[in-house]
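Enquirer: Here is a sequence with its predicted model. Questions after.
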Amino acid sequence: MIVAIDQNLCTGCRECAEVCPAYAIVGEQGQPQTIDVSKCVMCGQCVQKCKSYVSILTHGKDAYEKVKKERKIPDCVQEPLFAAHAVCNIDKVKAAIADPEKFTIVQCAPAVRVAVAEEFGADLGSLTPGKLAAALRAVGFDRIYDTNFPADVTIMEEGTELVKRVTEGGKLPMFTSCCPAWVKFMENNYPEFKDNLSSAKSPQQIGGAIFKTYGAQLENLDGSRIYSVSVMPCTCKEFECERPEMKDSGYRDVDVAITTRDLAWLIKDKQVDWDALEETEFDQPLGVYTGAGTIFGVTGGVMEAAIRTGYELITGQPIPDVEVTAVRGTEGFRTSVLKVGDLDLKVGVVTGLKNVVPVLEAVKNGTLDLHFIEVMTCPEGCVSGGGQPKLLMDLDREEAFAARREATFVHDRELPVRKSHESPAIKKVYEEFLEEPGSHIAHHLLHTEYCIG
Amino acid sequence: MKKEIGSFVVGDSTKCTGCKACELACFTVHSRKENPVGKTVGTVTVPVTPRLYLTKFEGGCMPIQCKHCEDAPCLNACTKKAITRIDHQVIVDQEKCIGCKDCMQACPFGAIALLPVSKGGKVVAQVSGETRVYASKCDLCQGIEGGPACVRVCPHQALRLVDPEAEREEKNIRAAEALLLTKNWR
């Protein structure tokens, strides 16, 4: 169980069913709802929506502590708990940190650094990469790496794959594969598109596979000693890391995924004073990243990052303007045609999983002709993910998403390197370990197949 | 015309789904006055104490809240003078309230509940060590920007701020216009 609805707490309002993109929430109006696990894509949008809290009046004085214990939420937490909730794996993380035999490596997704501070009272969309790194260190992780680094690797692999499919003739349109809820949805409902998905793993899984191989070499450790934790804005990332095939490092590539909200709990549990934290850097070399890596957190970001590199791969020239504003936006589906040398690259961006259905149908019946389509399940990409800080009032949603989005673009603009292929850390990992994009070892560690479960 | 009687918020059970967004918003805007409550759930460190109460009944559900009665039984019942009328609204002074429940008994709508007092992000204890409670009821978001939070957050517009005198006048006008139409047929 990754996402569930507590039968004792649910009022049966079915507001969650309204936002569920997989129509997985079943029940009569006014009666407690259940999740049809065969349909659920674990995106956690129901968790974000649910307001049916554990109430002193309705459920009694002792109910709160009981629910907290059942969900293995740290004792220090006193915030409202709701009927729709995601699994909390903090106990596993704490046990790994406390185990002297384990070398803990943590990675954080791009959207975490523009949202986690909200849980400590900061303004919506506060950009805090330095505090985030410091907090992870204070919590006790041995290496503070970052998902933005493997996001840059994703671009090298996925960008190369796209160029190959476009120039040499391959299955098109190619779909992005970083969003595990989208991948699950495709597998459940449109398996005929499995070869359209990029074979590149998501940044989380690429990070996991590299940390337990190359990362282990850097520490002179056996990969078996590494415990790999990821902090994600996403409830579905735990499902992704539990997929049986995600063990190409020879071990479980990512041992556990926790959410942005879970991380805030962990920081509080460890009694780390967020406000007093001095900013620090992520660890080198697997925590070094570019602007392209960080924009993965917003809708259109993977597309933009891929184009920044793909343009140069195809034309041999750097892209005239690093900001590919044509693919930015928040509409559920948007398309554009980009001039890449002699090629008119036709791209589409889908955000909000419900919007992918007409797109897939149009591709199927031949009325939509595109080369590359990015798909993100959550309303405005990962910044609005199911594992992000939850708003007390939905009136603040628009402001929160806009602020987190803007902070992501600010971060991109401020980073010294903004294209994945120009990153010194990327050059180093390919020189020393991965050889080249799509190499035998890259293929073994960083690529996957779909519909095999 | 000078406003002579008080407004109140009323729910509509034909629109309400029972989501409790109103209760959570009510708690959020009120608790911010004395607690460090931000915009996200993680900033909350105290129990949720709403001032309106989602009520389920055989025919459906809706939130129930204070009608700000003009001859308010709660106000009349309060021996500690903790309930007063301010700008037409019936308001509880949390500091004066001793949690005697007389107002709860007096209220014909069940619009008052006894809930914990929280300040500075912590539940307040009595001298005895027990949690202090107070009569929690709607104050029509007095002093809160934007007016009643419950009305603002309801995803189905199932809550409405009623100005009874203005609504009565409007109904009078509609009635007069209807009567004018009937005159043509006489």
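Expert: Sure thing, it's come through.
Enquirer: Apart from its chain neighbours, what residue comes closest to residue A:35?
Expert: Closest residue to residue A:35 apart from its sequence neighbours, by C-beta to C-beta, 6 or more residues apart in numbering or on different chains: residue A:24 at 5.5 Å. (Each C-beta comes from the backbone N, C-alpha and C, glycine too.)
Enquirer: Pull up the gap between the one you found and chain B, please.
Expert: Using C-beta to the nearest C-beta, to the nearest Å, residue A:24 is found at 18 Å from chain B.
Enquirer: I figured that residue was touching residue A:42, is that so?
Expert: No: when contacts are counted by C-beta atoms under 8 Å, residue A:24 is not listed as touching residue A:42 (9.2 Å).
Enquirer: neighbour count winner among these two?
Expert: Higher neighbour count among residue A:24 and residue A:42: residue A:42, with 28 against 22, using other C-beta atoms under 10 Å in any protein chain shown.
Enquirer: So the more buried one belongs to a helix, correct?
Expert: No: under DSSP: H, G, I helix; E, B strand; the rest coil, residue A:42 sits outside any helix and is assigned coil.
Enquirer: Contacts only, for it.
Expert: Going by C-beta atoms under 8 Å, 6 or more residues apart in numbering or on different chains, residue A:42 touches A:2-3, A:180-181, A:184, A:235-236, A:238-239, A:386.
Enquirer: gap between the closest residue to it other than its chain neighbours and chain B?
Expert: Distance criterion C-beta to C-beta, 6+ apart; nearest residue to residue A:42, sequence neighbours excluded, is residue A:236 at 4.1 Å. According to C-beta to the nearest C-beta, residue A:236 stands 20 Å off from chain B.
Enquirer: Now the closest residue to chain B within the stretch 151-300 of chain A. Nearest residue, chain neighbours left out?
Expert: Nearest residue of the stretch 151-300 of chain A to chain B: residue A:264, at 4.9 Å (C-beta to the nearest C-beta). Taking C-beta to C-beta, 6+ apart, and ignoring the residues beside it in sequence, residue A:264 has residue A:119 as its nearest neighbour in space, at 3.6 Å.
Enquirer: Please name the residues that touch the one you found.
Expert: A:260-261, A:264, A:389, B:40, B:42-43.
Enquirer: among the residues you listed, who's most crowded?
Expert: For the contacts of residue A:119, neighbours tallied by other C-beta under 10 Å; top is residue A:260, 30 neighbours.
Enquirer: Hmm, that residue is touching residue A:384, no?
Expert: No: here residue A:260 lies out of contact with residue A:384, judged by C-beta under 8 Å, at a distance of 11.5 Å.
Enquirer: Where does whatever residue of chain A ends up closest to chain B sit: helix, strand or coil?
Expert: Relative to chain B, the nearest point of chain A is residue A:119 (3.2 Å; C-beta to the nearest C-beta). The three-state assignment at residue A:119 reads helix, by three-state DSSP.
Enquirer: for the chain, what spans make up the strands?
Expert: Let's take chain A. Secondary structure of chain A (DSSP state E): strands at A:3-5, A:25-26, A:34-35, A:84-86, A:103-108, A:143-144, A:174-175, A:226-232, A:256-259, A:333-340, A:343-351, A:372-376.
Enquirer: hm, I was asking about chain B
Expert: Using DSSP E, strands in chain B cover B:8-11, B:53-57, B:60-64, B:83-86, B:89-92, B:113-116, B:118-119, B:122-123, B:133-136, B:159-162.
Enquirer: now the longest helix along chain B, how far from the centre of its chain.
Expert: Ranked by residue count, the top helix of chain B under DSSP state H comes out as helix B:164-183. Here helix B:164-183 is found 29 Å from its chain centre; the criterion is C-alpha atoms, centre = their mean, to the nearest Å.
Enquirer: How about stretch A:370-380?
Expert: Using C-alpha atoms, centre = their mean, the offset of stretch A:370-380 from its chain centre is 13 Å.
Enquirer: Kindly report the same for stretch A:221-230.
Expert: With C-alpha atoms, centre = their mean, you get 20 Å for stretch A:221-230.
Enquirer: That stretch: which residues count as buried?
Expert: The neighbour-count check on stretch A:221-230 (16 or more other C-beta atoms under 10 Å in any protein chain shown) flags A:223, A:226-230 as buried.
Enquirer: and which of these is nearest to residue B:130?
Expert: residue A:229 (41.2 Å; C-beta to C-beta).
Enquirer: Excluding sequence neighbours, find me the nearest residue to whatever residue of chain B ends up closest to chain A.
Expert: Going by C-beta to the nearest C-beta, chain A is nearest to residue B:42 of chain B, at 3.2 Å. Excluding the flanking residues, the one nearest residue B:42 by C-beta to C-beta, 6+ apart is residue A:119, at 3.2 Å.
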